[in-house]
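Asks: sequence unavailable; structure follows:
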């Protein structure tokens, strides 16, 4: 069962990774933001989060360490239209030596609603070998610190229940 959704005010307590105005070319024939654009927005916001942990694009371009998303779950809650200002916030849920479980929350600042959630499991990758490896100690420490902060929040992450990390070394409680 999916936990209750957080209030927008609760989401605002999370790290902020992106703000933008939705351009007209992000919409589809239904008159709202296209599915592919949600993934693009979350990917862009994800690179901001990853940079803070030491896994940004610049690091990957230099050979790593790096991370590959292995699984996604997107949940659409409210329509987002062209001209709406949106913001993305992130919450780290758990990690194992080689995997990370986190969520992003897309808030439509124009309408004042939580419009979308994005949940993912990502893997630590050695780019030279194209294989999973343990997170380097300094990155693991950054992730663990963020997990501890997010675990102390007074609301459960609205996870889908179908994904997570095995052999978790740190784990934020969900519902």
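Replies: It's in. Note that the coordinates shown come from a computational prediction; the quantities given were computed from them, not determined experimentally. Residues are numbered from 1 along each chain as shown.
Asks: which residues does the longest helix anywhere in the chain contact?
Replies: Ranked by residue count, the top helix of the chain under DSSP state H comes out as helix 35-53. For helix 35-53, contacts defined as C-beta atoms under 8 Å, 6 or more residues apart in numbering pick out 15, 17-18, 20, 22, 26, 28, 56-59, 67, 69, 72, 74, 76, 86, 88, 90, 102, 104, 106, 116, 118, 120, 139, 142-143, 146. All C-beta spots, glycine's among them, are computed from the backbone N, C-alpha and C.
Asks: checking residue 147 next. Helix, strand or coil?
Replies: Classification of residue 147 using DSSP: H, G, I helix; E, B strand; the rest coil returns helix.
Asks: give the contact list for the nearest residue to residue 139 once chain neighbours are set aside.
Replies: The shortest distance from residue 139 to any non-neighbouring residue, by C-beta to C-beta, 6 or more residues apart in numbering, is to residue 54 (4.7 Å). By C-beta under 8 Å, 6+ apart, the contact set of residue 54 is 65, 136, 138, 139, 142.
Asks: got it, and residue 5?
Replies: Shown in contact with residue 5 (C-beta under 8 Å, 6+ apart): 77, 114, 117, 158.
Asks: where in this protein is pLDDT low?
Replies: Low-confidence segments of the chain (pLDDT under 70): 1-3, 168, 170-175.
Asks: coming back round to it: show me which of the contacts of residue 54 are buried.
Replies: Buried members of these, counted by 16 or more other C-beta atoms under 10 Å: 65, 139, 142.
Asks: for those residues, which one is nearest residue 110?
Replies: residue 142 (32.7 Å; C-beta to C-beta).
Asks: tell me which element the closest one is part of?
Replies: helix 137-151 (DSSP states H and E).
Asks: quick one: the residue nearest to residue 139 from residue 144, how far?
Replies: 13 Å (C-beta to C-beta, to the nearest Å).
Asks: what of residue 112?
Replies: With C-beta to C-beta as the criterion, residue 112 and residue 144 are 33 Å apart.
Asks: higher neighbour count, these two?
Replies: Higher neighbour count among residue 112 and residue 144: residue 144, with 15 against 9, using other C-beta atoms under 10 Å.
Asks: hmm, residue 95 and that one touching each other?
Replies: Yes - at 7.3 Å, residue 144 counts as touching residue 95 under the criterion of C-beta atoms under 8 Å.
Asks: the longest strand in the chain is where?
Replies: Ranked by residue count and defined by DSSP state E, the top strand of the chain is strand 113-126.
Asks: give the contact list for the nearest residue to residue 15 once chain neighbours are set aside.
Replies: Closest residue to residue 15 apart from its sequence neighbours, by C-beta to C-beta, 6+ apart: residue 90 at 5.3 Å. By C-beta under 8 Å, 6+ apart, residue 90 lies in contact with 14, 15, 17, 45, 46, 49, 102, 103, 104, 105.
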